[in-house]
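Participant: I'd like to go over a predicted model; first the sequence, then the structure.
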2 protein chains.
Amino acid sequence: MSRFGMYVKFTAKPGQRDALVNILLEGEASMQSVKECELYIVNVSDTEPDTIWVTEMWANPEAHEASLAQEETKASIERAMPLIAGVEAVKVRPVGGKGV
Amino acid sequence: MSRFGMYVKFTAKPGQRDALVNILLEGEASMQSVKECELYIVNVSDTEPDTIWVTEMWANPEAHEASLAQEETKASIERAMPLIAGVEAVKVRPVGGKGV
């Protein structure tokens, strides 16, 4: 089973970036107990004030799918939705590296 | 000093992706001794056959700059150049997360 990675770009509604960062960081707290979630890093951009990038890496794509179906994740997405203007994702397949 | 992150998208010349992946993974081996390099993950795309994404995270931007000035890195870039059709980078600032 190959690993699964994703860069998720969130564009927040104007003025809502930090509130959205906080919701995403709460999501991270719930990932701490999910062994298959190997990376979940919330990043901001110094050049695009409404942009947030989340770097995710999972032991396999199924573990990522399963996380989206959890009640905690669904509640978090529901709270985040009103703050979000757009979402794009780049899906990747990790083949090697340092730090994981 | 804040952390520094980057998603670097390499477009390989046709048929050269795997050779370029190998050079990038050799680069990773030399990062193993660089404490300030917290993540250096080489990824491929299952939908874009010539695309490679490298996920990097550094303790600070200066450590990343310093790595580019090292002889080992410069030699590696020189070997990679003929295989590369294009490079783009997304710079980010990590604010929190799991796995690092």
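Facilitator: It's in.

Participant: Which positions in chain A make contact with chain B?
Facilitator: A:5, A:7, A:21, A:25, A:28, A:31-32, A:37-47, A:53, A:55, A:57, A:90-100 (CB under 8 Å from any CB of the partner chain). Any C-beta I mention is one placed from the backbone N, CA and C, and that applies to glycine too.

Participant: Can you flag the buried ones in these?
Facilitator: By neighbour count, with 16 or more other CB atoms under 10 Å in any protein chain shown, the residues of chain A next to chain B hold A:5, A:7, A:21, A:28, A:31, A:37-45, A:53, A:55, A:57, A:90-92, A:94-100 as buried.

Participant: Could I get the phi/psi values of A:N60?
Facilitator: Phi and psi for A:N60, reported as degrees, to the nearest 10, are phi -160, psi 160.

Participant: swap in the one 4 residues further on?
Facilitator: In terms of degrees, to the nearest 10, the main-chain angles of A:H64 are phi -70, psi -50.

Participant: residues in contact with it?
Facilitator: Listed by CB atoms under 8 Å, 6 or more residues apart in numbering or on different chains, the contact set of A:H64 reads A:F4, A:M6, A:E36, A:C37, A:E56, A:W58.

Participant: Please apply the same query to A:I77.
Facilitator: Per CB under 8 Å, 6+ apart, neighbours of A:I77: none.

Participant: how about it, secondary structure?
Facilitator: helix (DSSP: H, G, I helix; E, B strand; the rest coil).

Participant: show me where chain A has helices.
Facilitator: Taking DSSP state H, the helices of chain A run over residues A:17-31, A:61-68, A:71-80.

Participant: before we move on, back to that, in TSV: the contacts of A:H64, plus pLDDT.
Facilitator: Output for these, formatted as TSV (pLDDT from 0 to 100):
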residue	pLDDT
A:F4	96
A:M6	97
A:E36	94
A:C37	95
A:E56	96
A:W58	96
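
Participant: can you name the two of these that are farthest apart?
Facilitator: Largest separation among those by CB to CB: A:M6 and A:E36, giving 13.5 Å.

Participant: Look up how far B:R79 lies from A:A75.
Facilitator: 49 Å (CB to CB, to the nearest Å).

Participant: next one: A:E38
Facilitator: Per CB to CB, A:E38 is found 30 Å from B:R79.

Participant: sorry, back to before: so can I have JSON lines of the helices of chain A showing distance to B:S67 and mean pLDDT?
Facilitator: Shown next, in JSON lines, are the helices of chain A (distance: least, CB to CB, whole Å; pLDDT from 0 to 100):
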{"stretch": "helix A:17-31", "distance to B:S67": "27", "mean pLDDT": "92"}
{"stretch": "helix A:61-68", "distance to B:S67": "31", "mean pLDDT": "92"}
{"stretch": "helix A:71-80", "distance to B:S67": "35", "mean pLDDT": "92"}
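
Participant: Reformat those helices as a markdown table; add distance to B:L68.
Facilitator: Output for the helices of chain A, formatted as a markdown table (distance: least, CB to CB, whole Å):
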| stretch | distance to B:L68 |
| --- | --- |
| helix A:17-31 | 29 |
| helix A:61-68 | 33 |
| helix A:71-80 | 36 |
